[in-house]
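K.L.:
Provided below for reference: sequence and predicted model.
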Amino acid sequence: MAFPLLAVFITALLIGVPIAVSLAGGAFGAMLAGGKPLFMIGQKLFASLDTFSLMAIPFFMLAGGIMSRGGASRRLVNFANALVGWMPGGLAMVTVLGSLFFGALSGSSTATVAAIGGILVPSLVEAGYDKRFAMTTAAFAGFLGVIIPPSMPMIVYGTCTGASIGKLFMAGFIPGILLAIVECLYCYWYGVKHHIPTQKFSLPTLVKTFGEAFGALLMPIIILGGIYGGVFTPTEAAAVSCGYGIIVCMLVYRELNFRQLCRATLDAVVAGGMIMFIIAAAGAFGYVMTTEQIPDRVAEFIISISDSKIVFFLLVNLLLLVVGCFLETTAAILILAPILYPVLPLYDIDPVHFGIVMIINLAIGMTTPPVGVNLFVAAGILQEKVEAVINPHLLIYIVLGLLVLALLAFVPEIVMFLPNAMRPAAF
């Protein structure tokens, strides 16, 4: 059944069939060719979604929508501007830091590009930055949204591999900060080279904007503090974040009304439904892969090449970077994680460490053609063609991201520092 599974799946992708339908079609074709009862597909579609932790996805999406519509993104940008806007390339750094902060609210890369880029890209162009640089910075900074917790891909990876979602959340902090630092360094160099005008530093403004953004900044602390303290699970934390967002945006900021809340809920339901469809289809696809022992065969093949952890990471990173250029992150995780996960114990690799490396690889893919969704979102901000975002600045950002990725892959202590420092009972 392996051949019809892959043949139908790949053919469907090549002719432009949506990824979820391609996955389900591959499973259907394989079951039909193998003479298996087709009702099992329906069972696997349902069983794939019958997981408590998956409820976190629509809740976190709703929380991000609430905070975005409730004025949190603007307040975070104002705070970041007061913090680093006075430095050379400061406004570009604000884009990076704003994406870092907002990523801790939304857990989504495209939502981060749209929310932060929509505010700052026009401001960057007005301040004298090249529009190609402005759009590229917003596109690349946006992928911090899936690395800084809470992260939708982390929830998906944890669900399909059994890795601790709480540990994945904690493990994402240091990599996200390192990636933000290298992006800010390039922004600083750009500002110095092009003599971009800067504003004066103002401590009162910094204090004022911090106070205004405090409610939004407190949200990730409540989420992770609650998980770490054993107060609630990641799924319960997602629901708490929604309640907290409603309180802050309706009662404190007073910028969210009932109509906007309904709209945010509808958007979260639609986006969450799309992801759930992909997860369900990937469950049926994965069932056929397991029955055909495809993961075991891949593991044997990889080990036959080399028993070196370094060689394994080099091969896997290359595979993930290529896959990330063509497949949406959630789908790539659901297809590849079950295949690669059984190999990890053979190389003594922690599943949490591997999960972070995998997500960063695929996140970089979100900024690379031909399917890099962040590029299309960033180009749409200024109504430009996507080719305008594919420029030397993007190449530099990707190279910087790959350097950080190599450091994180081959020095696992960096990724695992916070998870190992936490109490085991917290997870």
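P.N.:
Cool, got the structure.
K.L.:
packing partners for the host helix or strand of Asn420?
P.N.:
For Asn420, the host element (DSSP states H and E) is helix 412-421. Under the contact criterion of 3 or more CB pairs under 8 Å, 6 or more residues apart in numbering; DSSP states H and E, helix 412-421 touches helix 165-171, helix 173-194, helix 351-365, helix 392-410. Heads up, the C-betas are built off the backbone N, CA and C, glycines and all.
K.L.:
now those as CSV including mean neighbour count, distance to Ile227 and mean pLDDT?
P.N.:
Below are these laid out as CSV (neighbours: other CB atoms under 10 Å; distance: least, CB to CB, whole Å; pLDDT from 0 to 100):
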stretch, mean neighbour count, distance to Ile227, mean pLDDT
helix 165-171, 27, 5, 89
helix 173-194, 18, 13, 93
helix 351-365, 26, 14, 92
helix 392-410, 17, 22, 93
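K.L.:
turn those helices into CSV, including distance to Thr11.
P.N.:
Conversion of those to CSV gives the following (distance: least, CB to CB, whole Å):
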stretch, distance to Thr11
helix 165-171, 34
helix 173-194, 36
helix 351-365, 22
helix 392-410, 30
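K.L.:
Asn257 is nearest to which of those helices?
P.N.:
Nearest of the helices and strands packed on helix 412-421 to Asn257, taken as CB to CB: helix 165-171 at 31.3 Å.
K.L.:
which residues sit against the closest one?
P.N.:
Defining contact as CB atoms under 8 Å, 6 or more residues apart in numbering, one finds that helix 165-171 is touched by 53, 56, 149-151, 154-155, 157-159, 224, 227-228, 234, 352-353, 355-356, 415-416, 418-419, 422, 426-427.
K.L.:
now, of the residues you listed, which are buried?
P.N.:
56, 149-151, 154-155, 157-159, 224, 227-228, 234, 352-353, 355-356, 415-416, 418-419, 422, 426-427 (16 or more other CB atoms under 10 Å).
K.L.:
list the residues that contact Gly158.
P.N.:
Gly158 neighbours (CB under 8 Å, 6+ apart): 53, 164-165, 168, 355.
K.L.:
could you do Leu336 as well?
P.N.:
Residues in contact with Leu336, defined by CB under 8 Å, 6+ apart, are 319-320, 323, 358.
K.L.:
same deal with Pro369?
P.N.:
Pro369 sits in contact with 325, 375, 386, 390, where contact means CB under 8 Å, 6+ apart.
K.L.:
just the ones of these in helices?
P.N.:
Applying DSSP state H to the contacts of Pro369, the entries found in helices are 325, 375.
K.L.:
in TSV, list the contacts of Pro369 along with distance to Gly117 and neighbour count.
P.N.:
Converted to TSV, the contacts of Pro369 look like this (distance: CB to CB, whole Å; neighbours: other CB atoms under 10 Å):
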residue	distance to Gly117	neighbour count
Cys325	21	17
Leu375	11	26
Val386	14	17
Ile390	16	20
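K.L.:
quick one: which of the contacts of Pro369 is nearest Phe258?
P.N.:
Once CB to CB is applied, the member of the contacts of Pro369 that ends up nearest Phe258 is Leu375, at 35.3 Å.
K.L.:
does the closest one touch Ala138 like I think?
P.N.:
No - counting by CB atoms under 8 Å, Leu375 stays clear of Ala138, with 10.1 Å between them.
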